[in-house]
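# Could you look at this predicted model? Sequence included:
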Amino acid sequence: MISNRTPLACLVGVVLLAVASAGCWWAWAAWDTTYQVDPVTGTTSGPYAGWQIAGCVLSLIVVTAVAGARLPVWVVVPTVTVAFTAAWAATASTDTTGLWAVGAVMVACGTFLGAAFVAGCAVPVRWARARLEA
């Protein structure tokens, strides 16, 4: 059961979770599409820097933990996974190699596993809140 909240409040919570999950990708990495070339070695890297991915992952952890403390895991995990993967795929699908689909599967699997772990860790917080509200 989600909670004793109204269905509209629950729906709003799910929509906000989806927007926040996709927003993690858009805020940290979607805007960076340029590759960096080392002038000495000629090695190409990117388009994302390590700090961008770290910020994106940490933000997604916070979003998932907060949602996991308020909504059931079975709602949080697919919402975070689908929203984040869709945001990632929207920018990656412009890849001319065609490998973006493989990347999308890997992003979806990683996001699913991470969201399940984080949301699962937040369940005791939800239980404690329910006891306080009762």
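Noted; the coordinates are in hand. Numbers count the residues shown, from 1 in each chain.
# Which helix or strand lies directly C-terminal to the one helix or strand Ala18 maps to?
In the assignment (DSSP states H and E), Ala18 maps to helix 7-25. Sequence-wise, the next helix or strand downstream of helix 7-25 (DSSP H and E) is strand 36-37.
# Next one: Asp32 from Leu16, what distance?
With distances taken as CB to CB, to the nearest Å, Asp32 is found 25 Å from Leu16. All C-beta atoms are positioned from the backbone trio N, CA, C, and that covers glycine.
# Poorly predicted segments of this structure, please.
1-4, 134 (pLDDT under 70).
# so where do the helices sit in it?
All helices of the chain, identified by DSSP state H, fall at 7-25, 50-68, 73-92, 100-121, 123-133.
# Could you check the angle the helix holding Ala18 makes with helix 50-68?
Regarding helix 7-25 and helix 50-68, their directions subtend 170 degrees when assessed with axes from the mean of the first three to the mean of the last three CA atoms, to 10 degrees.
# Mind giving me the packing neighbours of helix 7-25?
Packing contacts for helix 7-25, counted by 3 or more CB pairs under 8 Å, 6 or more residues apart in numbering; DSSP states H and E, involve helix 50-68, helix 73-92.
# Now mean neighbour count and distance to Gly98 too, for the ones you listed, in CSV please.
Output for the helices and strands packed on helix 7-25, formatted as CSV (neighbours: other CB atoms under 10 Å; distance: least, CB to CB, whole Å):
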stretch, mean neighbour count, distance to Gly98
helix 50-68, 17, 23
helix 73-92, 20, 11
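# Using JSON lines, lay out those helices together with distance to Gly42.
Output for the helices and strands packed on helix 7-25, formatted as JSON lines (distance: least, CB to CB, whole Å):
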{"stretch": "helix 50-68", "distance to Gly42": "21"}
{"stretch": "helix 73-92", "distance to Gly42": "25"}
